[in-house]
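Novice: Sequence plus predicted model, see below.
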Amino acid sequence: MVLAIQSRELYIGYEVEESATLWVVEKLGIEVEHKTTFCLIGESGCGKSTIGNAIAGLLPPYARTRGQLVIFDKIVIDRDKRFFNGVRGKIVVKIPQDPASSLNPFMTIGKQLSLAIKHHYPNLSEKDVVNKAVELLEEVRLDKAVFNLYPHQLSGGMKQRAAIALALVPEPKIVVADEPTSALDAYLRFAMSTLLKNLQKEWELTLIFITHDISVARYVCDKIAVIYAGRVVELGKAYEVLESPRHPYTELLLESVPRRLSRKRLADIPGMPPHPGKYPPGCKFHTRCPYVFDRCRYEEPLLIFLNSRAVRCWKYYGYSA
Ligand SMILES: Nc1ncnc2c1ncn2[C@@H]1O[C@H](COP(=O)(O)OP(=O)(O)OP(=O)(O)O)[C@@H](O)[C@H]1O
Ligand code: SF4
Ligand SMILES: [Mg+2]
């Protein structure tokens, strides 16, 4: 088994005032096997994009880190230092949520692809550059006529595909897709999920898929990490986590989305997730958890491993799967 990504006790925060850091992600320990799809799910503000940006080497300069992050065999974050040269934009790329942000409105898609191809493959002839650009358009199921179009002439779904084609130019091994379907309607969401699922298989990618959408996660992912208040609270094979959630937060998260069969929307999770800097003591979910008991209020649970699953909840302490 080849590991594409490993984090060890990784902390990520943002410097808010001189020498004051708001830690957003804490104690992150994940291992992502190469050529698999790993999903991050959780409510808004729980730190999903922060983790995605850390993996993609796109944390802002005022971000702070502790612990370690390893991409293949290279340590890219070591305590407070970051070493992404040769990794960022080559081995790891990010597909942005908003495709317009990565496309230049004043250049045709063909021109943008050609410039990126020339940057990464300076020895290719003009003809080969154009051929490669057209091939990439085909890879993302866009007609070659798109080569001569400007971004404003494309629909939202087509722009997203063009942004994916641009991201694929360096032939990355790891793709971070941050909410790639959230701006799309239900039909396009399914089409985009299918495209990413197929690209992951065909290009043998490690795909980090960040989403709010559990039905998309169910369809696309091999493994899921459920994130709450910057921590992994449940980790496991996607179908196991989604079919039989163990952490109370995962349970409630799944109940709060419309079930495919009943279409009934169950109650949202009561209360709001805590803001970084205001995480409560003990279990970070205790203020919203229906199963809370005394110990939860003052002592934070460790990740408890139950066969192929890991759960951060005192309910499972001393429990054997
Ligand atoms: N560049 C930044 N500078 C300062 N704080 C940030 C920055 N990016 C994120 N944060 C803060 O970190 C916390 C986690 O944000 P993040 O964007 O990682 O969450 P998320 O799970 O991706 O949320 P969403 O589902 O809304 O995209 C939030 O409180 C946010 O305000
Ligand atoms: S540790 Fe306690 S409060 Fe936290 S999820 Fe488990 S039961 Fe709920
Ligand atoms: Mg986000």
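Specialist: Everything's here; your move. Numbering: from 1, shown residues only. Ligands and ions are numbered 1, 2, ... in the order given.

Novice: From one end of stretch 218-228 to the other, what's the distance?
Specialist: In terms of CA to CA, to the nearest Å, the two terminal residues of stretch 218-228 are separated by 19 Å.

Novice: Please spell out which residues along it are buried.
Specialist: Residues of stretch 218-228 classed as buried under the neighbour-count rule (16 or more other CB atoms under 10 Å) are 218, 220, 221, 222, 223, 224, 225, 226, 227, 228. C-beta here means a position set from N, CA and C on the backbone, and glycine is covered the same way.

Novice: quick one: the helices in the stretch 101-250 of the chain?
Specialist: Taking DSSP state H, counting those that start in this stretch as the test, the helices found in the stretch 101-250 of the chain are 109-120, 126-139, 156-168, 186-202, 214-220, 238-243, 248-255.

Novice: Could I get the ones you listed in TSV, plus columns for mean pLDDT and distance to ligand 2?
Specialist: What follows is the helices of the stretch 101-250 of the chain, written out as TSV (pLDDT from 0 to 100; distance: least, CB to the nearest ligand atom, whole Å):
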stretch	mean pLDDT	distance to ligand 2
helix 109-120	98	45
helix 126-139	98	43
helix 156-168	94	36
helix 186-202	93	30
helix 214-220	89	19
helix 238-243	95	15
helix 248-255	93	4
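
Novice: To residue 51, which of these lies closest?
Specialist: Among the helices of the stretch 101-250 of the chain, helix 214-220 comes nearest to residue 51, with 15.1 Å by CB to CB.

Novice: the longest strand in this structure is where?
Specialist: The residue-count maximum for a strand in the chain (DSSP state E) belongs to strand 3-17.

Novice: Format the helices of the stretch 101-250 of the chain as TSV; extra columns: distance to residue 69.
Specialist: Supplementary listing: the helices of the stretch 101-250 of the chain in TSV, determined by distance: least, CB to CB, whole Å:
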stretch	distance to residue 69
helix 109-120	24
helix 126-139	29
helix 156-168	20
helix 186-202	21
helix 214-220	23
helix 238-243	23
helix 248-255	24
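
Novice: Indicate which one of these is closest to residue 99.
Specialist: If you check each of the helices of the stretch 101-250 of the chain against residue 99 by CB to CB, helix 156-168 wins as the nearest, at 3.9 Å.

Novice: List the contacts of the closest one.
Specialist: Outside helix 156-168, the residues that touch it by CB atoms under 8 Å, 6 or more residues apart in numbering are 93-96, 99-100, 102-103, 109, 112-113, 116, 136-137, 139-142, 146, 151, 154, 175, 180, 183-184, 188, 191-192, 195-196, 199, 203.

Novice: Please check those residues and keep the buried ones.
Specialist: The neighbour-count test (16+ other CB under 10 Å) applied to those identifies 93-96, 99-100, 102-103, 109, 112-113, 116, 136-137, 139-140, 142, 146, 151, 154, 175, 180, 183-184, 188, 191-192, 195-196, 199 as buried.

Novice: still on that earlier bit, who are the packing partners of the longest strand of the chain?
Specialist: Using 3 or more CB pairs under 8 Å, 6 or more residues apart in numbering; DSSP states H and E as the contact criterion, the neighbours of strand 3-17 among helices and strands are strand 20-28, strand 31-33, helix 48-56, strand 63-71, strand 206-211.
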